[in-house]
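# A predicted structure for the sequence below; I have some questions about it.
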Amino acid sequence: MPEVVVIGSGYGGSILAARLAEAGLSVVILERGPRMGLSDLRQSDDLKYLQKTIELVVSSDNIGFRTGTMVGGASVPMDGGSFRVPQRSFDATDAQGRRYWPESYNRASMDPYYATAEEMLQVRQFGWDEIPKAGGLFAKMLDMVGASCERARFNYTDCLQCGFCAQGCIYDKKTTMLRTYLPLAEANGAEVRAGAYVDHIEPAESGYAVHYVQDGAAKEIHGDRVIVAGGGIHSPALLLRSANHLPGLSEQVGKNFNNNGEHGFIGILPEGFFGTDDYSCYMGSDNSGMLCFHWFDEEGFTLHPGGGIEPSIFAAALAAKDHPSLPSKAWGLEYKRFVESVYPHRVIAFSSLGLDPGHRSVILKKDGSVDVKDTGNRSATDAYLDRMESIVFDIGKQTDIALVPAVPRKLSGTTAAHLLSSCRMAERIEDGVVGPDGQVFGYENLYVCDASALPFALGVNPSLTISAMTERVAEGIVTNG
Ligand SMILES: Cc1cc2nc3c(=O)[nH]c(=O)nc-3n(C[C@H](O)[C@H](O)[C@H](O)COP(=O)(O)OP(=O)(O)OC[C@H]3O[C@@H](n4cnc5c(N)ncnc54)[C@H](O)[C@@H]3O)c2cc1C
Ligand code: SF4
């Protein structure tokens, strides 16, 4: 019987598995998805292929959320942006003025864990010669309105700027879990069981029984300690499926879900904006290498440029009247030429991330499937979007760039990839699902540690903070036994 069963192998699962195995504990990782190697990855927008690297969870009101789906989780398709969050994010408070984060969490107390995670993930600031043109264009736009931005920090090394990051990097330039923490876990004896879908957890005489399905067969494994790390949608779903066996769970399971205030914009530049009309902005990595904190302290949002092939999908939609038919295949030379032709060369794409509390909950439908349901309580989100959009549209006016939201507001959040706070960490069971040590309130040795445990939106990309928080939780387990 393993001492630790870890469910999920994204940032939360792989890092905990690595640190606990390193400390000498016997660890089994159950991951529902397959183990894919470099030779399984493709530079393709073919939906059948994309479903292998990213799961799209579609809500009852047709918003699609992107989550990890294979060994390594969403560390494989992520876009590389790796940031420490400013103190301002740790200090965010609710309507009653109470801090979301537990008292002991702040930038200073997290810095040592950030440093460890950055070293493992080889995070560094991009050099000027690594910034794609779309990033330069974004910087120019901000400069025109008196705002500044800085070169972003990435876990890419020697990136070839091919623009297929979300498909998984066929050149192995990204430090995913498959290249970092998982090999460390396995070198210390951890076992990864791929294709193992966990249905529910129940308390056993000692520890917990974890019920899962692998190769069509129902199986059970006991763990003295169980770590739930299925990500922002599937961790709460798993706890909700287990609720009959875990009646003392917090009522906050599934609630407080937010998408980190992500909202996209796309614009057409005026002719000759930068002395040329050809920016080839479809080229370069998916995250175009810059980050703007200009409005963060006062308004609670950052902006970053999009790039790579993804915005070309939106551009294709804009240009659809001129290009009624798509190429037969979403890869290959014909497809690349199509992208070049529809991308008007004068398109700019960028997104916000911000301190939006969100307005959705993860719930189970009657048939047992998962929904990310709109609670109807959109007032805080609308206030956030109102403030942020008015600033962004003002940028458009001042620069003569015709800016529009990438999707209408009621579809805001669609394709969001930061799925946070649905099992959030808090000081008290009334406010969250796990305590500051990552342990589920009321259930000793049961943990949730992944994007769902982040107490609140961050305003910058979350993977490094999930990693640092997980390093801290792991240290607590190892130190306190
Ligand atoms: C396309 C894309 C781009 C992104 N770009 C960035 C970026 O640039 N910077 C950044 O910081 N973040 C980025 N993110 C977000 C980041 O990848 C996630 O926040 C992070 O991976 C979340 O880690 P996690 O451990 O919570 O979950 P995940 O990485 O999603 O891992 C959860 C794992 O659990 C498995 N699982 C779920 N349920 C079960 C079950 N019942 N049984 C067994 N296994 C299960 C899943 O298959 C998955 O592998 C991006 C995400 C996507 C999809
Ligand atoms: S842009 Fe860079 S990190 Fe992204 S897939 Fe290409 S080589 Fe890999």
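Structure's in. What do you need? Ligands and ions are numbered 1, 2, ... in the order given.
# and the gap between the closest residue to G396 other than its chain neighbours and ligand 1?
Of all residues not flanking G396 in the chain, L403 sits nearest, at 3.6 Å (Cβ to Cβ, 6 or more residues apart in numbering). C-beta coordinates here come from the backbone N, C-alpha and C atoms, glycine included. From L403 across to ligand 1, the span is 22 Å (Cβ to the nearest ligand atom, to the nearest Å).
# can you check S39 too?
20 Å.
# thinking again about what came up before, send me the host helix or strand of the residue nearest to G396 as CSV with only the CA atoms.
Applying DSSP states H and E as the criterion places L403 in strand 402-405. Only the C-alpha atoms of strand 402-405 are listed here, as CSV (Å, rounded to 0.1, in the frame of the first residue of the first chain):
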residue,chain,number,x,y,z
ALA,A,402,-9.9,49.9,-34.0
LEU,A,403,-10.2,47.6,-30.9
VAL,A,404,-13.0,45.2,-30.2
PRO,A,405,-13.3,42.5,-27.6
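# Buried ones in it, by neighbour count?
Within strand 402-405, the residues that count as buried by 16 or more other Cβ atoms under 10 Å are L403, P405.
# Enumerate every residue touching R378.
Applying Cβ atoms under 8 Å, 6 or more residues apart in numbering to R378 gives the contacts H359.
# switch to 10 Å and redo it
G358, H359, R360, Y384, L385, R409, K410, S412 (Cβ atoms under 10 Å, 6 or more residues apart in numbering).
# Which stretches in the stretch 101-250 of the chain count as strands?
124-125, 150-151, 153-154, 191-194, 196-203, 208-214, 217-223, 225-228 (DSSP state E, counting those that start in this stretch).
# List the neighbouring strands of the fifth one plus their orientation.
The partner list of strand 196-203 in its sheet, established with DSSP bridges, is strand 208-214 (antiparallel).
# Kindly report the same for the first one.
Its sheet considered, strand 124-125 pairs with strand 153-154 (antiparallel) by DSSP bridges.
# Enumerate every residue touching the residue of the chain found nearest ligand 1.
Closest contact between the chain and ligand 1, by Cβ to the nearest ligand atom, is at G10 (2.2 Å). By Cβ under 10 Å, 6+ apart, G10 lies in contact with 31, 67-76, 78, 176-177, 229-232, 234, 450-451, 463, 466, 470.
# at 7 Å what do you get?
Neighbour list for G10: G68, G73, A74, S75, M177, A229, G231, D450 [criterion: Cβ atoms under 7 Å, 6 or more residues apart in numbering].
# got any ranges where the stretch 51-200 of the chain has weak pLDDT?
Nowhere does the stretch 51-200 of the chain drop to pLDDT under 70.
# Enumerate the residues of it near ligand 1.
Residues of the stretch 51-200 of the chain lying close to ligand 1 (Cβ under 6 Å from any ligand atom) are 54, 66-70, 73-75, 77-82, 166, 197-198.
# neighbouring contacts of the strand holding L403?
H263, G264, F265, I266, G267, I268, V392, F393, G396.
# likewise stretch 181-188?
Under Cβ under 7 Å, 6+ apart, the answer for stretch 181-188 is S9, S14, I15, A17, A18, A21, E22, V27, G72, M120, V192.
# Keep only those of those residues that are in strands.
Within the contacts of stretch 181-188, residues falling in strands by DSSP state E are V27, V192.
# out of the contacts of stretch 181-188, who's nearest A92?
The closest of the contacts of stretch 181-188 to A92 turns out to be I15 (Cβ to Cβ; 24.1 Å).
# which residues touch the residue lying closest to N106 once chain neighbours are set aside?
Closest residue to N106 apart from its sequence neighbours, by Cβ to Cβ, 6+ apart: F90 at 4.8 Å. Neighbour list for F90: W101, Y105, N106, R107 [criterion: Cβ under 7 Å, 6+ apart].
# which one of those residues has the most neighbours?
W101 (21 neighbours; other Cβ atoms under 10 Å).
# ok, now how distant is that residue from T116?
Separation of W101 from T116 (Cβ to Cβ, to the nearest Å): 19 Å.
# So stretch 206-214, near ligand 1 or not?
No. Using Cβ under 6 Å from any ligand atom, we find that stretch 206-214 stays clear of ligand 1, coming within 6.6 Å at best.
# can you pull the alpha-carbon coordinates of that stretch into CSV?
C-alpha atoms of stretch 206-214 as CSV (Å, rounded to 0.1, in the frame of the first residue of the first chain):
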residue,chain,number,x,y,z
SER,A,206,-6.3,4.1,7.8
GLY,A,207,-6.0,6.8,5.1
TYR,A,208,-8.3,6.7,2.1
ALA,A,209,-9.5,4.3,-0.6
VAL,A,210,-9.2,5.8,-4.0
HIS,A,211,-11.6,4.3,-6.6
TYR,A,212,-10.5,4.5,-10.2
VAL,A,213,-11.1,3.1,-13.7
GLN,A,214,-8.2,1.9,-15.9
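# ok, and for it, which residues are buried?
Applying a neighbour-count criterion of 16+ other Cβ under 10 Å, one finds G207, Y208, A209, V210, H211, Y212 buried in stretch 206-214.
# Then stretch 472-480?
By 16+ other Cβ under 10 Å, the buried positions in stretch 472-480 come out as R472, V473, A474, I477.
# now stretch 50-69
50, 52-55, 57, 59, 63-69.
# Between the two ends of that stretch, how far is it?
10 Å (Cα to Cα, to the nearest Å).
# do stretch 411-419 as well
16 Å.
# hey, where'd the helices end up in the stretch 351-481 of the chain?
379-399, 463-480 (DSSP state H, counting those that start in this stretch).
# most packed of these?
helix 463-480 (a mean of 22; mean count of other Cβ atoms under 10 Å).
# I'd like to know which elements it is packed against.
The contact analysis (3 or more Cβ pairs under 7 Å, 6 or more residues apart in numbering; DSSP states H and E) places helix 463-480 against helix 11-22, helix 107-121.
# List the residues that contact I466.
Y11, G12, D450, A451, L454.
# separation between it and R409?
Applying Cβ to Cβ to I466 and R409 gives a distance of 28 Å.
# Kindly report the same for E427.
From E427 to R409 the distance is 34 Å (Cβ to Cβ).
# and what of F274?
30 Å.
# Also S361?
In terms of Cβ to Cβ, S361 sits 19 Å off from R409.
# Check A457 too.
Counting by Cβ to Cβ, the gap from A457 to R409 is 17 Å.
# Same question for G37.
Following Cβ to Cβ, the distance that separates G37 from R409 is 41 Å.
# same deal with L239?
Distance, L239 to R409, using Cβ to Cβ: 31 Å.
# what do you get for V372?
In terms of Cβ to Cβ, V372 sits 17 Å off from R409.
# What are the boundaries of the strands in the stretch 301-450 of the chain?
301-305, 347-354, 360-364, 370-374, 402-405, 446-448.
# about what we covered before: which one's more surrounded, A457 and R409?
A side-by-side neighbour count of A457 and R409, using other Cβ under 10 Å, places A457 first with 29 against 14.
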